[in-house]
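In: Pasting a predicted model and its sequence here:
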Amino acid sequence: MRTERSRWEIIRDMLTVLTEDKKSKKTRIMQRACLDWRNFQRYFNFLLEEKFVTKCDNPEPESYELTENGKELLKRLKVVGEMLH
């Protein structure tokens, strides 16, 4: 049985956290996606740069939420995951 997650499985897990929580801080996303800080930063920066995740201005600064592109990516990753398993 494989225990390591692929890059896309990690991204799917991070996007899922944001779907469940609506708005989350970095630490919460990192903990719920079961990542260490270094790996979290790498994937999170990718999500921000590609505009799958955006920073919220209100009500809590330093909170993040999914964009429409992020929701679409998550939907597609779930479909691919179901096809592979």
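Out: Sure, I can see it.

In: residues in contact with V80?
Out: Contact analysis of V80 by C-beta atoms under 8 Å, 6 or more residues apart in numbering lists W8. Yep, even glycine has a C-beta here, placed from its N, CA and C like the rest.

In: And the pLDDT for it?
Out: Here the pLDDT value assigned to V80 is 87.

In: Go through the helix or strand harbouring it and flag the buried ones.
Out: Using DSSP states H and E, V80 sits within helix 68-84. By neighbour count with 16 or more other C-beta atoms under 10 Å, helix 68-84 contains the buried residues 70, 73-74, 77.

In: cool, and stretch 26-45?
Out: 29-30, 32-33, 35, 40, 43-44.

In: List just the nearest of these to R12.
Out: When the buried residues of stretch 26-45 are ranked by distance to R12 (C-beta to C-beta), A33 comes first, at 9.3 Å.

In: and the closest one, what does it touch?
Out: 10, 13-14, 16-17, 40.

In: Just the ones of the buried residues of stretch 26-45 in strands?
Out: Nothing among the buried residues of stretch 26-45 maps onto strands, per DSSP state E.

In: Would you mind giving these as a markdown table with distance to K23 and pLDDT added?
Out: Shown next, in a markdown table, are these (distance: C-beta to C-beta, whole Å; pLDDT from 0 to 100):
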| residue | distance to K23 | pLDDT |
| --- | --- | --- |
| I29 | 10 | 92 |
| M30 | 15 | 93 |
| R32 | 13 | 93 |
| A33 | 15 | 92 |
| L35 | 19 | 93 |
| F40 | 17 | 94 |
| Y43 | 18 | 94 |
| F44 | 15 | 95 |
